[in-house]
Each structure stands twice: as C-alpha cells, then as structure tokens.
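> Starting from these lines, generate the structure:
(4 chains)
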Protein chains: 2
Amino acid sequence: MSAASLPTARKPSARERLLTAADELFYAEGIHTVGIDRIIERAGVAKASLYSTFGSKDELVRAYLEGRHEIRRTRMLKGLERYEDPRDRVLGVFEVLDELAGTPGFRGCAFYNANAEGTPGGPALEVADATRAWMRGLFVELARDAGVKDPAAFAAQMVVLYDGASVGAKMDRPSMSPKVARGMAEILLAAATA
Amino acid sequence: MSAASLPTARKPSARERLLTAADELFYAEGIHTVGIDRIIERAGVAKASLYSTFGSKDELVRAYLEGRHEIRRTRMLKGLERYEDPRDRVLGVFEVLDELAGTPGFRGCAFYNANAEGTPGGPALEVADATRAWMRGLFVELARDAGVKDPAAFAAQMVVLYDGASVGAKMDRPSMSPKVARGMAEILLAAATA
DNA sequence: ACGAGAGTAGACAGACCTGTCTGGTATCGT
DNA sequence: ACGATACCAGACAGGTCTGTCTACTCTCGT
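You can find the predicted model right below:
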C-alpha cells in the first residue's frame, strides 16, 4: 500500500502493530471491553510477543494512553500553526477540537474515558494528569501571548470550556458544543484583555 | 437504626436493597468492574431474586441510571430552592454542583462514566440522553425567568459550562472548576441580558 | 555457515462472569 | 389454618479473561 515513504521501508515491528491495534480498539470500544485476544488478532502478533514486549495489559494501556497524549499534542500544535494573530490562536483551540469531534471515529477524550472505567490508581490517572497539565500550560502560553492580564485564571476558564465542549461533542451527536465554547471563549477573551 | 420515620417501618424490599447496593458499587467502581456476586452480597439478597426482579444485569444497570437521574433531579431542585432571585438561581446550579463535587464519594457524572465503558447502544445512552435533555430544559427555564434574550442559546452555553465543571471536578481533585464555571456563567449572564 | 534474537501458533491453567436451577424458609392475606 | 408470594442459599453450566509455556520458524550480523 503506502509503504514507500522512506528508503527503509521496513514493515512495522510487533510493538508498533500492537500499539496501533490497541489504539483503535481501546479507543473505539473501551479498555475493559477489548480483550488481549482481539488485539493480537488485529495486530497479527503472537500473544507471547505482546507479553514479552509490554509485560501486562496494564502496561499496554499505559503505552496506548501515552501515544494518545503525543497524538493530541502534535495534532493540536499543527492545527494551531495556521493562525497568526495571538487571539485567533486562543480561539483556534476550539476550532481544532471542532474538526476533531467531527471525524467519524470520535468518541470523546480517551483519558476521561479510561478513568471512567474504574481501575482507580491505575496508569490512566497519571497519564491523564500529564495531558491535562500540558493542556493547561498551552492555554497559559496562548493567553500570555494574547495579552491576557491573568493568564493562569484565564487558562482555568479555557480548560473548563474545552472539557465541556469535548463532553458535549461525545454525548450529543451531532453537537454544537465546540462552536458554542468558541463563542464563549471569545466573550471571555474580550473580558480578560479589557 | 434510622428506620422509624413512618409508622410502616418495614425493612427495605429486595429490589430496594439491590438498587442501593448497585448504586454504590457501580458508581464507585464502574459497571464492568462490579460483578453480580458483589452486588447481591452487599444487598444481602439471593441471586435468584435479582434475576427474577430485573431479568439481567443490563436491566439492573438501566434501573441504576434511572435512579441516578431521579436523584440528580430532586437534589438540584431542592438545592435551588434557597435562591429567590432568578439570576441567583441560574448561578446556583453551579453552586449546587460545587457542593456535590465536594462530597467524599464524588466520581463525576454517572451517565458519562457509564457511556465511557463501551456498551454502545446499551441502556446507558438512552438514560444519558434523558438526563441531559432535562438539564438543558432546566437551564432554558431558569434563563427565561432571568430575562435572558435567547434562552435556548444561553442554555447551550450553560450545559457546556456544567459539563466542563463536572469533568474538572472529577479529574483535578481538588478542583476549582465549578467555581470557575460559576464565574464564567456570571459574565455570560450579564452579556445575555444586556 | 551458524547462532542469537525476534516472532508465530496455539494449548493450557486458573480465575471470574452471567445466568439458570433446585430446594428450603418465612411472611401475609383470607 | 393454609396457600400464595417473596425471598434465601448455593451448586452448576458455559463462556471469557489474563497470563504462562512449549515448540517451531525466520532473519540477520558476523
């Protein structure tokens, strides 16, 4: 298919295939619901390889969530590149979210979903903390560039909007909540820079 | 104990005991994680009684979620009784949420959690739709009483804030997000009634 | 040429889960 | 007094889950 991007057109390693399979299945159907057998079948990998690579299902889950964190980061940063005006970049976060929520496989925030499935104290909590901290930091940075007076307080507001928009996009399909959140962000941004 | 509220101080029926046990366990640990055996053990009820009463675990889950819906309704309405001014009643929703999020067992929105656990098309979706519709309707009503120009649009904003505050309260313990949401609602309410 | 490392296929153990069934007990209306 | 109804206790079947283990194959560096 499309395996001619680099001179080294090696086929993906077992680890990579496992991760993509886990990503697709865990995100689409939930972590408890998806068993090891389904993952190795989709990845075309032997069970022993999974356990020699990751050690346990929990560690595979952690790797899956860390991968989601990385994907979210790069996708958001890339999506924001098209905006130049600092204020547009703040509001752009909600536009990127809106696009994301419109894609077919969207099922809400992977970290929130993972934490909703019990497993308290598991890997889900740590990775969720990390990704939420990154998100808040991004908003702080964007707010500072946009001349907001109290960037930390404003970022806290934006995080609430982002979470709410994400939940709405999952629960009320089709949903306008990312657009609604963008509108609110606009008002709040005006209030915070006045 | 405290069973002397009414002349008929009968002990709770098997159905009631099952529902309270299911409520506590499902909400605290998730639906997949909690097995039938744990529920009947906590309820002090035979397995046959569970299946003759509810028919299946799925139906027990539906009853659990419907109970949560009822609890949420009455608790919110009761919490709002103390406010008289229509604007205070709008903002009061977030204060009630703040109190709720502060209670020890708080683990976020039961409906979102249930939907995050896979089971697509199960009972979780329908009940979640119902409770979200009720919530939006409540905001529409409160907004109209407060003299908001476009109550539907304003209610959509409030739902985003409510969802975001609820998620934040779950994920960032301790969290200020309900208070942050209240602050945002105040600004938006002023903007919507101007 | 050959040995090491990585991977494959699949059986297996042990635990847990939902749902059914049998059989016994208590309570209540008539 | 008695029959119906509700309930309890627990064994059981059939399935699924994670994780381990054995035995075979392929590929690559030296």
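
> Just the pLDDT at the spatially most central residue of chain A, thanks.
Geometric centre of chain A, nearest residue: A:Arg72, 4.0 Å, by C-alpha atoms, centre = their mean. Looking at A:Arg72, its pLDDT is 95.

> mind checking which helix or strand it is in?
Using DSSP states H and E, A:Arg72 maps to helix A:57-80.

> That helix and DNA strand C in contact?
No. On the criterion C-beta under 7 Å from any atom of the strand, helix A:57-80 is out of touch with DNA strand C, staying 11.9 Å away. Just so you know, the C-beta spots here come from the backbone N, C-alpha and C atoms, and that holds for glycine as well.

> so how far is the helix or strand following that helix from its chain's centroid?
Next along the chain after helix A:57-80, taking DSSP H and E as the criterion, comes helix A:86-102. Chain-centre distance of helix A:86-102: 14 Å, with C-alpha atoms, centre = their mean, to the nearest Å.

> contacts for helix A:86-102?
Residues from elsewhere that reach helix A:86-102, judged by C-beta atoms under 8 Å, 6 or more residues apart in numbering or on different chains: A:75-76, A:79-80, A:82-83, A:106, A:138-139, A:142-143, A:145-147, A:158, A:161-162, A:165-166, A:169-170, A:175, A:178-179, A:181-182, A:185-186, A:189, A:193.

> Which positions within that helix qualify as buried?
For helix A:86-102, the neighbour count (16 or more other C-beta atoms under 10 Å in any protein chain shown) marks A:87, A:89-98, A:100-101 as buried.

> now the residues you listed as CSV including pLDDT and distance to DNA strand C?
Conversion of those to CSV gives the following (pLDDT from 0 to 100; distance: C-beta to the nearest atom of the strand, whole Å):
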residue, pLDDT, distance to DNA strand C
A:Arg87, 97, 48
A:Arg89, 98, 41
A:Val90, 98, 43
A:Leu91, 98, 44
A:Gly92, 98, 39
A:Val93, 98, 38
A:Phe94, 98, 39
A:Glu95, 98, 40
A:Val96, 98, 34
A:Leu97, 98, 35
A:Asp98, 98, 38
A:Leu100, 96, 31
A:Ala101, 96, 32
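
> now, among these, which is nearest to B:Gly55?
Within these, proximity to B:Gly55 (C-beta to C-beta) peaks at A:Ala101, which comes in at 36.1 Å.

> Helices along chain A, start to end?
Counting by DSSP state H, residue ranges of the helices within chain A are A:14-29, A:36-43, A:47-53, A:57-80, A:86-102, A:110-116, A:123-145, A:151-171, A:177-193.

> So the longest one, near chain B or not?
No. Helix A:57-80 does not reach chain B (C-beta under 8 Å from any C-beta of the partner chain); its nearest approach is 13.5 Å.

> what do you get for stretch A:25-43?
Yes. Applying C-beta under 8 Å from any C-beta, one finds stretch A:25-43 in contact with chain B at A:Glu29, A:Gly30, A:His32, A:Thr33, A:Val34.

> Let me have the residues you listed in CSV, extended by neighbour count and distance to DNA strand D.
Shown next, in CSV, are those (neighbours: other C-beta atoms under 10 Å in any protein chain shown; distance: C-beta to the nearest atom of the strand, whole Å):
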residue, neighbour count, distance to DNA strand D
A:Glu29, 16, 10
A:Gly30, 21, 11
A:His32, 17, 8
A:Thr33, 16, 7
A:Val34, 20, 7
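
> and those residues, which two are the farthest apart?
Greatest spatial distance among the residues of stretch A:25-43 next to chain B (C-beta to C-beta): A:Glu29 and A:His32, at 9.2 Å.

> Alongside DNA strand D, which residues does chain A contribute?
Near DNA strand D, when you scan chain A using C-beta under 7 Å from any atom of the strand, you find A:Val34, A:Gly35, A:Ile36, A:Asp37, A:Arg38, A:Lys47, A:Ala48, A:Tyr51, A:Ser56, A:Lys57, A:Asp58.

> low pLDDT regions in chain A?
Residues of chain A that meet the criterion pLDDT under 70 lie in A:1-11, A:119-121.

> coming back round to it: pull out the buried residues from the contacts of helix A:86-102.
By 16+ other C-beta under 10 Å, the contacts of helix A:86-102 give A:76, A:79-80, A:83, A:138-139, A:142-143, A:146, A:158, A:161-162, A:165-166, A:169-170, A:175, A:178-179, A:181-182, A:185, A:189 as buried.

> what comes up buried for stretch A:110-130?
In terms of neighbour count (16+ other C-beta under 10 Å), stretch A:110-130 has its buried residues at A:110-119, A:122-125, A:127-128.

> which one of those is nearest B:Gly67?
Using C-beta to C-beta, A:Ala116 comes nearest to B:Gly67 of the buried residues of stretch A:110-130, at 18.5 Å.

> Now do the same contact list for the residue nearest to the closest one when sequence neighbours are not counted.
Closest residue in space to A:Ala116, ignoring its immediate chain neighbours: B:Ala116 at 3.6 Å, by C-beta to C-beta, 6 or more residues apart in numbering or on different chains. Neighbouring residues of B:Ala116 by C-beta under 8 Å, 6+ apart: A:Gly30, A:Gly108, A:Tyr112, A:Asn113, A:Ala114, A:Ala116, A:Glu117.

> surely the fourth one meets A:Arg68?
If I follow you right, that is A:Asn113. No. Using C-beta atoms under 8 Å, A:Asn113 makes no contact with A:Arg68, being 10.0 Å away.

> what residues are shared contacts of those two?
The contact lists of A:Asn113 and A:Arg68 share A:Tyr27, where a contact means C-beta under 8 Å, 6+ apart.

> From DNA strand C, how far off is the residue nearest to A:Gly122 when sequence neighbours are not counted?
Of all residues not flanking A:Gly122 in the chain, A:Asp58 sits nearest, at 6.4 Å (C-beta to C-beta, 6+ apart). For A:Asp58, the distance to DNA strand C (C-beta to the nearest atom of the strand, to the nearest Å) stands at 15 Å.

> Next: A:Val148.
From A:Val148 to DNA strand C the distance is 48 Å (C-beta to the nearest atom of the strand).
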